[in-house]
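Novice: Have a look; sequence and predicted model below, questions after that.
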Amino acid sequence: MPINPAESQGMDKRGGKTTQSGLSDVDEFAGLSAGPAWPEPCGKGSPGMLHSCGLPTDGGNQPTAKKVPGENLALSHVTASRRSVCFGLATWALALRTFGDTRGVAACNVGPPEMTIDPATLQAHGIQSVSSSRLVLYTDLPLSSAIAELPQVFEAAFPQWCRYFGVDPARHPRWQCKAILIGRGEHIIEAGLLPPELPPFRFGFARGREIWFVNPPSDYYRRHLLLHEGVHAFMNTILGDCGPTWYMEGIAEYLATHRWEDGRLELAYFPRQADELSLWGRIRMVRQDLQGGKFLRLEDILGLRPRDDESVELYGWCWAAATFFDRHPRYQQAFRSLPQWVRRAEFNQHFRQMVGPYWPWAEHEWALFVHTLEFGHDLSREAIDFTPGIPLPPQGREVTVAADRGWQNTGIFLDKAVQYEILARGRYQLGQHPVIWWCEPNGVTIRYYRGKPLGMLLGAVVPADQSFRTEAGSFVNPHPLGLRGLLIPSETGTLFLRVNDSPAELADNVGSLTAVIRPMQPAA
Ligand SMILES: [Zn+2]
């Protein structure tokens, strides 16, 4: 995969030119011939679909994951200047129109004026509308309460987007989107709400302050699609661009993933359970790709282009990358500086410069993050300091390991030619409900995590030269140490320790253990 194609693509996009990638950055329209109901099972798209499905179908290999029926939906996305098309693999049964050859749409850099909407025409075709100050929604569907409240959801999102992107809402008092929620579709077309110049899309499309999206069989996912397109509309019309593909899709997915409860909207929500957000499935996509042997480094993700979504990796990976950067204490500031750069061709270079010498650390932490990705993953507690350790004195050294953190650098450099003894002691808590779970370094055998007793002391050795790490290395296959462990490192490097627990369940741990590491003898 090319390292930095996004920059050149971004330049072209900003320059308003039709590029090589631009000419092919709109996918075939998948589902406008009568097809199966949403969502289509993995790998069984309609004949008109270009993509072959790579979507996960359940919770993958994680012990806490549960299967969610029907969650195999994903988006993919293309963009032309000031337009955003989001579509996915699940087909839907709408028979709207045949777009014919849909390539080359990116040539239409200057979009037509917004639709003129005639109330009498809408009424004649049974199109209903609901509105708030930030959204007017038109639909051919009955106005269920979940649909009728969409303008309120959008209303609640706007100030949060302003806060996130550093925009003063008072400067945009009249900013309002039009959204077309498409049910069966015929009446939408007859009412003139699907302009013929629109490129094909499967799930959603944004052009200026206009949004079109296809009704999914999920109240959550309907809001998600609207919010995803809303982020594109906000960025395109207020920030002036969405940035390169990875950021455009990553931030839209990140900010569209939400909770909506009792009229309160929480954006950038990290789901805590597999079945919490109906039809969402970003974690599943990443897990399934990893199971299939596909791993994307951060550099790969920065280089994603719209056409790189044929395996629908784009949405899961971009969501994961945005989540990683935005929630990681070391990279958050750099990531949150990016909205100022969305119109600049140097977007990715700026980001790399901001992360600076920590980029190799980020790659390594990223690899660990996606390989251990959990619902409710606590990135702040999983942040790792990779500063190389110093050699162990002959008498050994004592270190403290906090129970409520992920991998912790001992500051000790181990030699692969030496055998080490690690003696641990201490009593700490692994949970507090319904009663306190006390634990010692051997762990508790009433519950296992990743094949080892919960709370067990684990060790990993990270080589000093870790600039090229494309996998999580010894962190995902750690040494079980317990009360007394013997360790012969397979590589010379720095020793890291932690107690065995899910990255989603560190917050309720309390206390620490003490470990003494001392050299025994040169390994045989
Ligand atoms: Zn999108």
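Specialist: Good, I have the coordinates.

Novice: Going by proximity to the ion, name the top residue of the stretch 301-450 of the chain.
Specialist: Tyr315 (7.9 Å; CB to the ion). Yep, even glycine has a C-beta here, placed from its N, CA and C like the rest.

Novice: Could you verify that that residue is part of a helix?
Specialist: Yes. Under DSSP: H, G, I helix; E, B strand; the rest coil, Tyr315 falls within a helix.

Novice: Mean confidence (pLDDT) on stretch 201-219, please.
Specialist: For stretch 201-219, the mean per-residue pLDDT is 94.

Novice: now the residue of the stretch 301-450 of the chain closest to the ion: how far from Ala252?
Specialist: 9 Å (CB to CB, to the nearest Å).

Novice: If you tally nearby residues, what's the number for Phe413?
Specialist: Counted with other CB atoms under 10 Å, the neighbours of Phe413 add up to 17.

Novice: got the contact list for the closest residue to it other than its chain neighbours?
Specialist: In this structure, Phe413 finds its nearest non-sequential neighbour in Gly389, 4.0 Å apart by CB to CB, 6 or more residues apart in numbering. Going by CB atoms under 8 Å, 6 or more residues apart in numbering, Gly389 touches 409-414, 494-495.

Novice: Touching, the residue of the stretch 301-450 of the chain closest to the ion and Arg282? I think so.
Specialist: Yes. The criterion here is CB atoms under 8 Å, and Tyr315 meets it with Arg282 at 6.3 Å.

Novice: Give me the more crowded residue out of these two.
Specialist: Ranked by neighbour count (other CB under 10 Å), Tyr315 and Arg282 place Tyr315 first, with 26 against 23.

Novice: Please name the strands paired to the strand of greatest length in the chain in the sheet, noting orientation.
Specialist: Criterion DSSP state E: the longest strand present in the chain is strand 512-522. Strand pairing for strand 512-522, using DSSP bridges, gives strand 397-402 (antiparallel), strand 418-425 (antiparallel).

Novice: Now do that strand: everything it contacts.
Specialist: For strand 512-522, contacts defined as CB under 8 Å, 6+ apart pick out 392, 394-403, 410, 412, 417-428, 440-441, 457, 481, 486, 495, 497, 499.

Novice: Which positions in it come out as buried?
Specialist: Neighbour counts over strand 512-522 (16 or more other CB atoms under 10 Å) mark 512-513, 515, 517, 519 as buried.

Novice: Stretch 233-253 too?
Specialist: For stretch 233-253, the neighbour count (16+ other CB under 10 Å) marks 233-239, 241-253 as buried.

Novice: now swap in stretch 410-429 and tell me
Specialist: Buried residues in stretch 410-429, defined by neighbour count with 16+ other CB under 10 Å: 410, 412-415, 418-424, 426, 428-429.

Novice: same thing with stretch 203-218?
Specialist: Buried, per 16+ other CB under 10 Å, within stretch 203-218: 203-216, 218.

Novice: same check, this time on stretch 179-189
Specialist: Buried residues in stretch 179-189 (16+ other CB under 10 Å): 179-182, 185, 187-189.

Novice: first to last residue in it, what's the distance?
Specialist: Across stretch 179-189, the terminal residues are separated by 14 Å (CA to CA, to the nearest Å).

Novice: now what about that stretch, what contacts it?
Specialist: Taking CB under 8 Å, 6+ apart as the rule, stretch 179-189 contacts 94-97, 125-127, 135-141, 147, 150, 154, 193-194, 210-215, 222, 226, 229-230.

Novice: Let me see the mean pLDDT of it.
Specialist: Computed over stretch 179-189, the mean pLDDT rounds to 96.

Novice: shaky segments in the stretch 351-500 of the chain?
Specialist: Along the stretch 351-500 of the chain, segments meeting pLDDT under 70 span 466-472.

Novice: Helices of that one, start to end?
Specialist: For the stretch 351-500 of the chain, helices defined by DSSP state H, counting those that start in this stretch occupy the ranges 359-371, 379-382.

Novice: Quick check: which of the ones you listed is nearest to Pro159?
Specialist: Between Pro159 and the helices of the stretch 351-500 of the chain, the shortest gap by CB to CB is with helix 379-382, which sits at 25.0 Å.

Novice: Could I get the buried residue list for that closest one?
Specialist: 379, 381-382.

Novice: Pairing partners for Arg259 in the sheet, please.
Specialist: Beta-bridge pairing of Arg259 under DSSP bridges involves Glu266.

Novice: so how far is Leu497 from it?
Specialist: Noted for Arg259: a distance of 35 Å to Leu497, by CB to CB.

Novice: When those two are compared, which one has more neighbours?
Specialist: Leu497 (26 against 15).

Novice: related to what we said a few turns ago, go back to the buried residues of stretch 233-253 and keep what's next to the ion.
Specialist: Contacts with the ion within those, counted by CB under 5 Å from the ion: Ala252.

Novice: Show me the buried residues of stretch 233-253 that map onto helices.
Specialist: Members of the buried residues of stretch 233-253 lying in helices (criterion: DSSP state H): 233-234, 245-253.

Novice: what would those residues look like in CSV with pLDDT?
Specialist: As requested, these are exported to CSV (pLDDT from 0 to 100):
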residue, pLDDT
Ala233, 97
Phe234, 98
Thr245, 94
Trp246, 95
Tyr247, 97
Met248, 96
Glu249, 94
Gly250, 96
Ile251, 98
Ala252, 97
Glu253, 96
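
Novice: can you name the two of the residues you listed that are farthest apart?
Specialist: Maximum pairwise distance among those (CB to CB): 19.1 Å, between Ala233 and Trp246.

Novice: Quick check: phi and psi at the most centrally placed residue in the chain.
Specialist: Nearest residue to the geometric centre of the chain (CA atoms, centre = their mean): Trp319, 1.5 Å. Trp319 adopts backbone torsions of phi -60, psi -50, taken as degrees, to the nearest 10.

Novice: Against His187, how distant is it?
Specialist: Note on Trp319: its distance to His187, by CB to CB, is 33 Å.

Novice: tell me which residues in the helix or strand containing Pro159 are buried?
Specialist: Element membership of Pro159, judged by DSSP states H and E, is helix 150-165. Neighbour counts over helix 150-165 (16+ other CB under 10 Å) mark 150-158, 160-162, 164-165 as buried.

Novice: got TSV for these, with distance to the ion and pLDDT too?
Specialist: Converted to TSV, the buried residues of helix 150-165 look like this (distance: CB to the ion, whole Å; pLDDT from 0 to 100):
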residue	distance to the ion	pLDDT
Leu150	18	98
Pro151	21	98
Gln152	22	98
Val153	17	98
Phe154	16	98
Glu155	21	98
Ala156	20	98
Ala157	15	98
Phe158	18	98
Gln160	18	98
Trp161	14	98
Cys162	20	98
Tyr164	16	98
Phe165	16	98
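
Novice: got a markdown table for those residues, with distance to Ser131 too?
Specialist: Formatted as a markdown table, the buried residues of helix 150-165 follow (distance: CB to CB, whole Å):
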| residue | distance to Ser131 |
| --- | --- |
| Leu150 | 10 |
| Pro151 | 5 |
| Gln152 | 10 |
| Val153 | 12 |
| Phe154 | 10 |
| Glu155 | 10 |
| Ala156 | 14 |
| Ala157 | 15 |
| Phe158 | 13 |
| Gln160 | 19 |
| Trp161 | 18 |
| Cys162 | 20 |
| Tyr164 | 24 |
| Phe165 | 23 |
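
Novice: Sort out which one of the residues you listed lies nearest Arg297 for me.
Specialist: Distance to Arg297, by CB to CB, is smallest for Tyr164 among the buried residues of helix 150-165, at 26.0 Å.

Novice: Distance of that closest one relative to Glu374?
Specialist: When CB to CB is the yardstick, Tyr164 and Glu374 sit 24 Å from each other.

Novice: now the strands for the stretch 51-200 of the chain?
Specialist: Here the stretch 51-200 of the chain has its strands, by DSSP state E, counting those that start in this stretch, at 76-80, 83-87, 128-131, 135-139, 177-182.
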